[in-house]
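S.K.: sequence? don't have it. structure:
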């Protein structure tokens with residue numbers, strides 16, 4: 001599984017960390033570099049990686065303290 005910055009797994013974890021709702025996406029060139037790819041253009045595997053990143057962070061309880 002690709003866990004680099006901007007990957008689907010990374011973005012899922014970040015959305016969970018910041019308390020954002022699930023919205024599968026990723027940044028192929030790195031977070032906020034170039035254009036984001038959203039669910040309608042993601043493969044099944046990429047979507048599953050996003051959900052895994054989100055769920056892993058939910059299970060860890062690692063949340064941004066505002």
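M.R.: Received the coordinates, thanks. Computed from a predicted structure; not experimentally measured. Numbering: from 1, shown residues only.
S.K.: buried stuff in the helix of greatest length in the chain?
M.R.: In the chain, taking DSSP state H as the definition, the longest helix is helix 44-60. Going by neighbour count (16 or more other Cβ atoms under 10 Å), the buried part of helix 44-60 is 46, 47, 48, 49, 50, 52, 53, 54, 57. Placement of C-beta: from N, CA and C, glycine included.
S.K.: ok, now stretch 3-10?
M.R.: Of all the residues in stretch 3-10, those buried under the rule 16+ other Cβ under 10 Å are 6, 7, 8, 9, 10.
S.K.: what do you get for stretch 26-35?
M.R.: By 16+ other Cβ under 10 Å, the buried positions in stretch 26-35 come out as 26, 27.
S.K.: which residues are in contact with that stretch?
M.R.: Here stretch 26-35 makes contact (Cβ atoms under 8 Å, 6 or more residues apart in numbering) with 4-8, 10-11, 14, 36-37, 42, 46, 50.
S.K.: among the residues you listed, which two are most distant?
M.R.: 5 and 42 (17.3 Å; Cβ to Cβ).
S.K.: for this protein, what spans make up the strands?
M.R.: 25-26, 37-38 (DSSP state E).
S.K.: closest one to residue 62 among the ones you listed?
M.R.: strand 25-26 (19.5 Å).
S.K.: what strands flank the closest one, and is each parallel or antiparallel?
M.R.: Under the criterion DSSP bridges, strand 25-26 sits next to strand 37-38 (antiparallel) in its sheet.
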